[in-house]
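Enquirer: Provided below are the primary sequence and the corresponding predicted coordinates.
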Amino acid sequence: MEHKKYIAVAGVSVIVLLFFLFLDTASKEIKNYPLSGDTVVAFGDSLVMGVGSLREGGFVTLLSERIQKPIINLGKAGDTTKDALGRIGEVVAEDPDVVIILLGGNDALQRIPLEETVQNLETIIITLQEQGAAVLLLGVQGALIRDRFGDDFYKLAREQGALYVPNVLEDVFRNPQRMFDAIHPNDEGYRIIAEGVYPVLVNVLGGAL
């Protein structure tokens with residue numbers, strides 16, 4: 001048990017380290033940072049909804065509790081990046097200061113071309129930034145064996161001045177102790193995701209980047 005706990009902590013530490021390495025060269029270019037307020041919206045698919053968790057909201061609820069601020073959850077099960085783009089107005093209507101985006105899993109399941117996924121995400125990010133929000137893009141594994149999204153999501157975040165946390169499912173996906181089913185994490189899996197996102201979110205809200 002202790003060994004497994006150590007591995008989990010080590011995995012989260014790698015995510016946090018990658019985040020700060022990313023910030024080392026990109027923090028001065030993050031659009032709409034420093035923030036003018038603290039309204040946070042989480043936007044995405046069933047992973048944002050928290051499907052598979054015994055608690056509504058999954059990792060979003062856990063993050064909200066840790067930062068002691070409400071996070072508006074606009075997750076919708078089944079959403080592809082195209083679907084999400086079609087309801088971007090829901091996010092804009094909340095006048096957010098930070099938007100957490102977790103999308104792409106359904107694109108991979110539906111075998112939508114990578115170029116289309118990236119283009120949709122780029123449009124979503126730019127639209128939200130034009131409305132004054134800082135964007136935090138979360139990476140998600142885009143294939144069963146190899147993460148086909150990783151490089152492109154990283155590049156997209158860098159080019160558009162968005163914050164980025166690499167593959168949040170890195171220490172969760174295909175681990176039966178952290179998965180509710182073949183696609184969705186359980187409570188332990190969502191806890192791992194929240195641990196990886198928390199340092200990024202708390203630092204951007206606190207102006208500590």
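Expert: Thanks, I have it.
Enquirer: contacts and neighbour counts: CA atoms only from here.
Expert: Will do.
Enquirer: Would you map the helices across the protein?
Expert: Using DSSP state H, the helices of the chain run over residues 2-26, 46-49, 58-67, 81-86, 88-92, 105-109, 114-130, 150-160, 187-205.
Enquirer: Out of these, which is the most enclosed?
Expert: Ranked by mean neighbour count, those are led by helix 46-49 with a mean of 24 (mean count of other Cα atoms under 10 Å).
Enquirer: returning to that earlier point: which of the helices of the chain sits closest to Gln177?
Expert: When the helices of the chain are compared by Cα to Cα, helix 187-205 sits nearest Gln177, at 7.6 Å.
Enquirer: out of the helices of the chain, nearest to Asp181?
Expert: helix 187-205 (11.1 Å).
Enquirer: Dead centre of this protein: give me the residue that sits there.
Expert: Among the residues of the chain, the one closest to the centroid is Leu138, at 2.8 Å (Cα atoms, centre = their mean).
Enquirer: pLDDT below threshold where in this structure?
Expert: 1-28, 142-147 (pLDDT under 70).
Enquirer: Please produce TSV containing the helices of the chain, extended by distance to Asp38.
Expert: Shown next, in TSV, are those (distance: least, Cα to Cα, whole Å):
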stretch	distance to Asp38
helix 2-26	20
helix 46-49	19
helix 58-67	11
helix 81-86	23
helix 88-92	15
helix 105-109	28
helix 114-130	15
helix 150-160	21
helix 187-205	6
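Enquirer: nearest to Phe180, of the ones you listed?
Expert: Closest among these, using Cα to Cα: helix 187-205, at 8.2 Å.
Enquirer: Check which helices and strands that closest one sits against.
Expert: helix 2-26, helix 58-67, strand 163-165 (3 or more Cα pairs under 8 Å, 6 or more residues apart in numbering; DSSP states H and E).
Enquirer: Distance from the chain centre to that helix, please.
Expert: Between the centre of helix 187-205 and the centre of its chain there are 9 Å (Cα atoms, centre = their mean, to the nearest Å).
Enquirer: With only the CA atoms kept, save that helix in CSV.
Expert: The C-alpha coordinates for helix 187-205 follow below in CSV (Å, rounded to 0.1, in the frame of the first residue of the first chain):
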residue,chain,number,x,y,z
ASP,A,187,-13.1,8.9,-6.7
GLU,A,188,-9.5,8.0,-6.3
GLY,A,189,-8.8,8.8,-10.0
TYR,A,190,-10.4,12.2,-9.7
ARG,A,191,-8.4,12.9,-6.6
ILE,A,192,-5.2,12.3,-8.6
ILE,A,193,-6.4,14.6,-11.3
ALA,A,194,-7.3,17.3,-8.8
GLU,A,195,-3.9,17.0,-7.2
GLY,A,196,-2.2,17.6,-10.5
VAL,A,197,-4.4,20.7,-11.4
TYR,A,198,-4.5,22.3,-8.0
PRO,A,199,-1.0,23.9,-7.9
VAL,A,200,-1.6,25.5,-11.3
LEU,A,201,-5.0,26.9,-10.4
VAL,A,202,-4.1,28.1,-6.9
ASN,A,203,-1.0,29.9,-8.3
VAL,A,204,-2.9,31.7,-11.1
LEU,A,205,-5.6,32.8,-8.7
